[in-house]
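>>> Next input, structure requested:
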Amino acid sequence: SFVRLNNNYKIISINKNIKINKLMMSSDTVIIGLSGGIAENIAIRLIDLDYTSKITAILDNSPVSPQLNDEKYNRRVNVYVGDVSQELIPLTQGSRLRDEAIKSYLSNKLVIICGDDTIDTTITDFNKPISSSNSLVLLDKISRILPNDISSLIVSNSVTSDSNSEGIFNNIFSSKGSTNYYRKWSQDNNIPFSALRYGKLTGSVIGSEPLPFIGLPLIEPELHPSYVLRSVVLSDITINKYASTEICTRLSLSEAIARLVIRQQSDKSSSGIDALVVSIAGDPPSERDWNQLFTRIVPSSNAELLRIDFSTVPKPDAFINWIADIWFPQALVDADAATVLTGARPVRATKSSKKKNTVEIRWDNILEDLSVVSAGGLEIELSLSNESTSNPYISIYRKADKPLPSEAQLIDKLIEGINKVAYKKGFCTPFDNSIKIN
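Now for the predicted structure:
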């Protein structure tokens with residue numbers, strides 16, 4: 001079994017005769033990953049977010065983050081170091097006792113498996129490129145020993161590693177290291193499953209961040225992506241044609257996973273998600289932003305995908321007219337939705353005849369016989385201040401059972417349009433948290 005590390009982290013030679021640590025058996029959440037990667041960040045962020053369950057982190061090498069050595073985290077996270085690719089494999093010639101030990105590690109636990117490939121050449125101490133990363137080995141080995149009675153499974157992997165693990169010439173790994181394998185395995189065993197994937201991973205662990213500047217601090221220095229790309233978008237990987245090249249920081253990825261875990265803990269009925277995590281310029285998402293990000297990616301009808309609060313809306317009619325007549329046609333082009341040749345696509349935006357201050361965006365689907373059927377749509381509703389509403393706001397609701405093609409791009413374009421156009425034209429004014437409205 002594994003040996004728990006105290007504050008003096010070091011690689012432990014595994015003693016097969018040591019009994020399973022009771023602390024480890026009592027943990028509710030098991031994070032498995034590589035040292036110096038997102039597994040460490042997830043453990044740290046879960047504690048920062050007041051996660052109530054006990055946490056075990058199983059790493060292949062000594063932790064890199066100095067925060068795991070801090071008492072606040074050290075007493076909440078049981079860190080085990082061992083050769084994961086060796087110690088977690090119940091080989092066919094392995095003993096029954098060894099199989100039982102592995103089940104004791106993972107049974108009835110939320111298991112988080114962290115692939116951790118990087119393209120970051122600015123940090124060389126512990127990051128490895130995809131060609132020499134142990135992520136694929138890790139994901140493949142765990143697939144062979146995962147008991148079918150875990151409570152839930154979250155997998156993080158790179159788009160490129162997924163592609164490599166399912167390649168025809170990928171001789172030893174077959175497809176067992178892929179997200180698709182874990183998805184099917186979870187479906188076969190009726191286990192809740194989520195996948196958060198990434199294109200190009202960069203950055204480091206909390207407490208061991210890279211230097212802000214890449215190269216010399218010139219007049220216009222180049223900043224490391226970790227200091228610039230702090231906001232997050234959850235994208236539908238099936239329609240994102242740039243998925244393998246999208247930049248994602250380790251902070252963004254680990255924060256997304258930690259927020260998903262908190263969400264699932266507070267709402268046991270919440271659906272699993274399958275999303276691409278993309279880091280973009282801007283401020284880190286708030287708690288409400290994260291809720292909206294997850295809602296946008298989860299299949300559900302009448303879900304509120306976005307809400308933006310305003311201080312005032314002096315020109316509501318002009319605001320609605322701008323959305324329907326000016327913003328939508330341009331957003332359609334910018335989001336590449338106008339060039340979609342097959343499947344459902346957004347086709348028109350009209351002011352609702354049933355609801356005041358509401359714009360309805362319709363999606364149509366062209367069938368093989370060239371007939372056209374409605375595929376659902378989005379509803380953009382402007383709510384003004386009244387006795388039940390403390391401040392005006394705009395909301396977007398999905399009128400379909402699952403996410404619509406180009407839906408996320410249009411929502412992002414509306415946010416951009418409000419920031420760049422609506423405020424400047426005086427349709428609305430930004431919400432000021434310092435203003436208290438009774």
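>>> partner residues bridging the closest residue to Leu367 other than its chain neighbours?
Spatial nearest neighbour of Leu367, chain neighbours left out: Val373 (6.5 Å); criterion: CB to CB, 6 or more residues apart in numbering. Glycine gets a C-beta too; all of them are placed from N, C-alpha and C. Using DSSP bridges, the beta-bridge partners of Val373 come out as Asn365.
>>> can you tell me how far Val373 sits from Pro430?
Distance from Val373 to Pro430, counting by CB to CB, to the nearest Å: 40 Å.
>>> Looking at the two, which is more packed in?
Pro430 (14 against 10; other CB atoms under 10 Å).
>>> Enumerate every residue touching that one.
Phe310, Ser311, Tyr423 (CB atoms under 8 Å, 6 or more residues apart in numbering).
>>> between those residues, which is closest to Glu407?
Within those, the smallest distance to Glu407 is 22.8 Å, found for Phe310 (CB to CB).
>>> Work out for me the element the closest one sits within.
Assigned by DSSP states H and E, Phe310 falls within strand 304-312.
>>> how about the helices of the stretch 1-150 of the chain, start to end?
Applying DSSP state H, counting those that start in this stretch to the stretch 1-150 of the chain gives helices spanning 22-26, 38-48, 71-74, 84-87, 96-106, 135-143.
>>> mean confidence score for the fifth one?
Same thing as helix 96-106. Taken as a whole, helix 96-106 has a mean pLDDT of 58.
>>> do stretch 264-284 as well
83.
>>> follow-up on the earlier one: just the buried members of the contacts of Pro430?
Phe310 (16 or more other CB atoms under 10 Å).
>>> next SSE after the helix of greatest length in the chain?
If you go by DSSP state H, the chain has its longest helix at helix 250-266. For helix 250-266, the following helix or strand on the C-terminal side (DSSP H and E) is strand 274-280.
>>> Next, the buried residues of that next one.
Asp274, Ala275, Leu276, Val277, Val278, Ser279.
>>> Can you get me the start-to-end distance on stretch 34-52?
24 Å (CA to CA, to the nearest Å).
>>> can you tell me the average pLDDT over that stretch?
Computed over stretch 34-52, the average pLDDT equals 92.
>>> likewise stretch 223-237?
79.
>>> buried residues in that stretch?
So, applying 16+ other CB under 10 Å, buried residues of stretch 223-237: His224, Pro225, Ser226, Val228, Leu229, Arg230, Val232, Val233, Leu234, Ser235, Asp236, Ile237.
>>> ditto for stretch 323-338
Ile323, Ala324, Trp327, Phe328, Ala331, Leu332, Ala335, Ala337.
>>> Stretch 292-308 now?
Buried, per 16+ other CB under 10 Å, within stretch 292-308: 292-298, 303-308.
>>> and if you look at stretch 393-411?
With the criterion 16+ other CB under 10 Å, stretch 393-411 contains buried residues 393-400, 403-411.
>>> CA atoms of that stretch as CSV?
Output in CSV follows, covering the C-alpha atoms of stretch 393-411 (Å, rounded to 0.1, in the frame of the first residue of the first chain):
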residue,chain,number,x,y,z
TYR,A,393,-30.8,42.9,-15.6
ILE,A,394,-30.7,41.0,-18.8
SER,A,395,-31.0,37.2,-18.9
ILE,A,396,-30.6,34.6,-21.6
TYR,A,397,-32.7,31.4,-21.4
ARG,A,398,-32.3,28.2,-23.5
LYS,A,399,-35.4,26.9,-25.1
ALA,A,400,-34.1,23.5,-26.1
ASP,A,401,-33.3,20.2,-24.4
LYS,A,402,-29.5,20.5,-25.0
PRO,A,403,-26.9,23.1,-25.9
LEU,A,404,-27.4,24.6,-29.3
PRO,A,405,-24.7,24.9,-32.0
SER,A,406,-22.9,28.3,-31.7
GLU,A,407,-24.9,29.1,-28.6
ALA,A,408,-21.8,29.8,-26.5
GLN,A,409,-20.3,32.0,-29.2
LEU,A,410,-23.4,34.1,-29.5
ILE,A,411,-23.6,34.6,-25.7
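>>> can I get the buried residues of stretch 223-237 in CSV with secondary structure and distance to Ser178?
CSV is the format used below for those (DSSP: H, G, I helix; E, B strand; the rest coil; distance: CB to CB, whole Å):
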residue, secondary structure, distance to Ser178
His224, coil, 30
Pro225, helix, 26
Ser226, helix, 28
Val228, helix, 31
Leu229, strand, 27
Arg230, coil, 30
Val232, strand, 24
Val233, strand, 23
Leu234, strand, 20
Ser235, strand, 19
Asp236, coil, 18
Ile237, coil, 13
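>>> In CSV: these, plus distance to Glu246.
Shown next, in CSV, are the buried residues of stretch 223-237 (distance: CB to CB, whole Å):
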residue, distance to Glu246
His224, 17
Pro225, 12
Ser226, 15
Val228, 15
Leu229, 10
Arg230, 15
Val232, 11
Val233, 9
Leu234, 11
Ser235, 7
Asp236, 12
Ile237, 10
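>>> Which of these sits closest to Asn41?
For those, the nearest to Asn41 is Ser226 (11.5 Å; CB to CB).
>>> my guess is the closest one meets Leu251, correct?
Yes: counting by CB atoms under 8 Å, Leu251 is a contact partner of Ser226 at 6.3 Å.
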